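In: structure of the sequence below:
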Amino acid sequence: MNERQSVGPVLLARGADAQACRMAALLVVPGDNEPPPLIPADTEGVRPTVLCRAAGRTVWRYDFALPARPDAVYRLGDEIYPVVADLTGDARIAYVSCNGQEEGDHRRPLDERNAMWCRLADEHDRAPFGLMLQGGDQLYADEVLTVHPVLQRWSKCRTAHKARHEFTDGAREAAERFFVERYLTLYSQPGIAHLCARVPSLMMWDDHDIIDGWGSHPAATLDSPVGQGLFAVARRAFAVFQLGLTDDEIDAAGDTFGFAARFPGFTVVAPDLRSERRPDRVMGPAGWAVFERSLTADRPGDRLFLMSSVPALGPRLSWVERLMTIFPGIRKYKDDLRDQWQSRAHRKEWRRFLRTLETHSERHTCGITVLSGEIHLATRGEMPFRNGIVLHQLVASGIAHPAPPRPYAFGLGLLAALGEDPLPDQPVRLRPLPGRSWIYSAERNYLVLERTGDAWQAFWELEVSGRTPGLPL
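Out: Predicted structure coming up:
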């Protein structure tokens with residue numbers, strides 16, 4: 001993209017109440033150029049903060065609030081942007097995930113790549129969203145392994161030899177430039193740019209925001225100098241471009257980026273399932289502490305939306321893992337299976353995760369809806385809690401990633417039909433989308449959550465099949 005072109009604004013949600021909607025706006029300008037003033041509503045201009053300087057650009061952040069009105073606006077330079085800042089009554093939320101593909105994403109025709117983004121932007125223009133949740137793989141960074149000879153050699157060598165490669169200054173500079181340019185290319189694309197300037201987002205990362213399968217690879221890969229160097233570069237880029245954090249705020253976050261954001265009548269909790277991930281765990285001590293503390297942020301009776309980047313309810317993958325001992329040819333999928341909560345390696349931790357949600361539901365008598373992506377399919381699941389409340393799992397994936405073949409979705413559906421029961425007498429049931437026959441829908445898609453009065457419904461927008469009937473939550 002043009003290095004002299006500004007990119008943004010990108011709105012990041014910071015929570016809301018009955019009086020105001022709090023947010024930040026990211027703007028990337030060439031070199032050290034002064035950014036234009038941002039003026040919220042009819043107030044005085046906001047002074048921005050520098051987040052970072054990289055690849056010949058400066059990333060600025062404006063922190064501001066808009067009054068809780070459905071017709072709020074802010075001005076940035078010569079442009080005026082409308083924002084639905086009143087979330088106290090009826091509300092609309094968009095959920096997206098898997099925004100790209102593993103190879104050649106930047107070479108795809110934009111009208112094809114962003115077809116679902118443009119559809120979502122058109123829907124926003126007709127019936128505006130007040131919040132957008134981006135649940136993982138916002139960036140497909142896998143091609144970072146091709147941008148420097150050190151990274152190329154490291155990616156191709158045997159696991160036992162990973163530690164022999166040093167993460168040189170040249171490799172670091174190439175990786176940093178790659179991440180910055182990929183984020184800026186992403187945020188300047190049609191549909192995406194339109195929405196990000198008008199709808200505040202909450203984002204949580206997943207493996208492709210680093211490299212495919214990060215955290216589920218062998219320890220020798222994760223702990224090698226190149227592995228740790230790549231993770232550090234991807235971590236800072238994520239913190240800047242998806243969370244909007246300064247270096248001091250990144251340091252204060254410690255080992256996890258999990259968060260909770262409260263809004264009138266609902267709370268969004270996003271545990272970080274990547275920062276501390278290892279082949280034998282999903283979250284480490286810091287991640288679990290932040291997650292459990294985040295669950296205390298909501299008010300009793302509020303709806304809880306939990307962004308689990310990988311689905312919290314899924315089929316019995318342990319059977320597939322056992323097949324690897326019989327059919328060595330499928331061992332290449334080991335990392336993909338290890339990524340899931342349902343992996344044999346994570347089963348004890350998966351039970352802890354589900355019991356934690358059940359205990360929270362019992363204490364707060366609230367409905368919990370888990371939102372997930374990652375699998376490039378659309379589906380839903382249910383699991384009963386002992387207090388009679390049903391845990392809903394809604395999967396929308398992906399907004400830009402090509403859909404997998406239908407036979408793959410059919411086979412996964414057969415596996416899901418066998419059932420799963422991580423907690424005794426509380427069976428997981430995966431179900432088709434409303435109005436559909438198969439458990440998994442193999443089409444690009446996004447999810448819409450709507451509150452009318454006190455009632456919530458979910459709708460999937462599928463690329464070919466169109467809108468599903470509403471699912472009451």
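In: going forward, measure contacts between C-alpha atoms and count neighbours the same way
Out: Noted.
In: number of residues surrounding G89?
Out: As a burial measure, G89 scores 13 neighbours (other CA atoms under 10 Å).
In: ditto for the one 10 residues further on
Out: N99: 24 surrounding residues under other CA under 10 Å.
In: how much space is there between it and Y140?
Out: Distance, N99 to Y140, by CA to CA, to the nearest Å: 7 Å.
In: go on, E382?
Out: 30 Å.
In: quick one, which of those two is more surrounded?
Out: Between E382 and Y140, counted using other CA under 10 Å, Y140 has the larger neighbour count: 28 against 20.
In: wait, that one touches S97, no?
Out: No: contact status for Y140 versus S97: not in contact, 11.1 Å apart, counting by CA atoms under 8 Å.
In: care to break the protein down by domain?
Out: Split into domains by automatic domain parsing, the chain comes to 1-85, 89-138+173-472.
In: could you dump those into CSV with distance to T159 and mean pLDDT added?
Out: Listed next are the domains of the chain as CSV, based on distance: least, CA to CA, whole Å; pLDDT from 0 to 100:
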stretch, distance to T159, mean pLDDT
domain 1-85, 31, 93
domain 89-138+173-472, 6, 91
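In: out of these, which is closest to L151?
Out: domain 89-138+173-472 (7.4 Å; CA to CA).
In: what about the closest one, start to end distance?
Out: 17 Å.
In: kindly report the same for stretch 193-206.
Out: 21 Å.
In: kindly report the same for stretch 441-459.
Out: Note: stretch 441-459 ends 13 Å apart using CA to CA.
In: what about Y62, neighbour count?
Out: Neighbour number of Y62 under other CA under 10 Å is 22.
In: same check, this time on D169
Out: That count, for D169 with other CA under 10 Å as the rule, works out to 9.
In: may I have the beta-bridge partners of the residue lying closest to D32 once chain neighbours are set aside?
Out: Counting by CA to CA, 6 or more residues apart in numbering, D32 lies nearest to T58, which is 6.3 Å off, once chain neighbours are set aside. Per DSSP bridges, the residues bridged to T58 are V29, R53.
In: ok, T58 touching P35?
Out: No: the criterion here is CA under 8 Å, and T58 misses it with P35 at 9.3 Å.
In: determine the residues that are contacts of both of the two.
Out: V29 (CA atoms under 8 Å, 6 or more residues apart in numbering).
In: quick one: the closest residue to T452 other than its chain neighbours from P128, how far?
Out: Nearest non-adjacent residue to T452, counting by CA to CA, 6+ apart: D90, 4.8 Å away. Taking CA to CA as the measure, D90 falls 11 Å from P128.
In: mind checking which of the two has more residues around it?
Out: Comparing D90 with P128 by other CA under 10 Å, the one with more neighbours is P128, at 21 against 14.
In: element containing that one?
Out: Under DSSP states H and E, no helix or strand contains P128.
In: ok, it - contacts?
Out: 84, 92.
In: what's stretch 36-51 in contact with?
Out: 58-67, 72-77, 240, 244-247.
In: to clarify, my last question referred to stretch 230-242.
Out: So stretch 230-242 is contacted by 12, 26, 51-52, 172, 175-176, 179-180, 183, 203-205, 209-210, 245-246, 250 (CA under 8 Å, 6+ apart).
In: which ones among those residues lie within strands?
Out: Judged by DSSP state E, the contacts of stretch 230-242 include 12, 26, 51-52, 203 as members of strands.
In: which residues in the chain form helices?
Out: 110-113, 115-126, 149-156, 169-187, 192-196, 219-222, 225-241, 247-253, 285-294, 317-323, 334-338, 347-364, 406-417 (DSSP state H).
In: next, the buried residues of the longest one.
Out: Of the residues in helix 169-187, those with enough neighbours to count as buried (16 or more other CA atoms under 10 Å) are 171-172, 174-184, 186-187.
In: what of the fifth one?
Out: By neighbour count with 16+ other CA under 10 Å, helix 192-196 contains the buried residues 192-196.
In: try the third one
Out: The neighbour-count criterion (16+ other CA under 10 Å) identifies 150-151, 154-155 as the buried residues of helix 149-156.
In: contact partners for the residue nearest to G229 when sequence neighbours are not counted?
Out: Closest residue to G229 apart from its sequence neighbours, by CA to CA, 6+ apart: F167 at 6.2 Å. Contact analysis of F167 by CA under 8 Å, 6+ apart lists 150, 225-226, 229.
In: coming back round to it: farthest pair in the ones in strands among the contacts of stretch 230-242?
Out: C52 and M203 (19.1 Å).
In: quick one, which of the two is more surrounded?
Out: M203 (25 against 18).
In: pull the contacting residues for the more buried one.
Out: Here M203 is in contact with 133-136, 242-243 (CA under 8 Å, 6+ apart).
In: again, but for R406
Out: So R406 contacts A442 (CA under 8 Å, 6+ apart).
In: any idea how far E443 is from it?
Out: On the measure of CA to CA, R406 and E443 end up 9 Å apart.
In: what of V370?
Out: 20 Å.
In: go on, V46?
Out: On the measure of CA to CA, V46 and E443 end up 42 Å apart.
In: tell me which of those two has more neighbours.
Out: E443 (25 against 16).
In: skip the chain neighbours and tell me the closest residue to that one.
Out: Nearest one to E443, counting by CA to CA, 6+ apart, is A403 at 5.2 Å.
In: cool, and G227?
Out: G227 sits nearest to T221 (CA to CA, 6+ apart), 6.0 Å away.
In: give the contact list for the one you found.
Out: Counting by CA under 8 Å, 6+ apart, T221 has contacts 159, 162-163, 227.
In: what's the spacing between it and W288?
Out: 24 Å.
In: wait, Y183 touches L139, no?
Out: Yes: in this structure, Y183 is within contact of L139 by CA under 8 Å, at 7.2 Å.
In: give the contact list for G130.
Out: 83-87, 91-93, 199-200.
In: I439 versus that one, what's the distance?
Out: On the measure of CA to CA, G130 and I439 end up 30 Å apart.
In: just T369 next, same as before
Out: T369 is 18 Å from I439, by CA to CA.
In: which one's more surrounded, the two?
Out: I439 (22 against 19).
In: can you tell me, leaving aside adjacent residues, what's nearest to that one?
Out: P432 (3.9 Å).
In: hmm, that neighbour is touching A442, no?
Out: No: with contact defined as CA under 8 Å, P432 and A442 do not form a contacting pair (11.6 Å).
In: so which of the two has more stuff around it?
Out: Taking neighbours as other CA under 10 Å, P432 and A442 compare with A442 leading, 25 against 16.
In: residues in contact with the more buried one?
Out: Taking CA under 8 Å, 6+ apart, one finds 376-378, 403-406, 409 in contact with A442.
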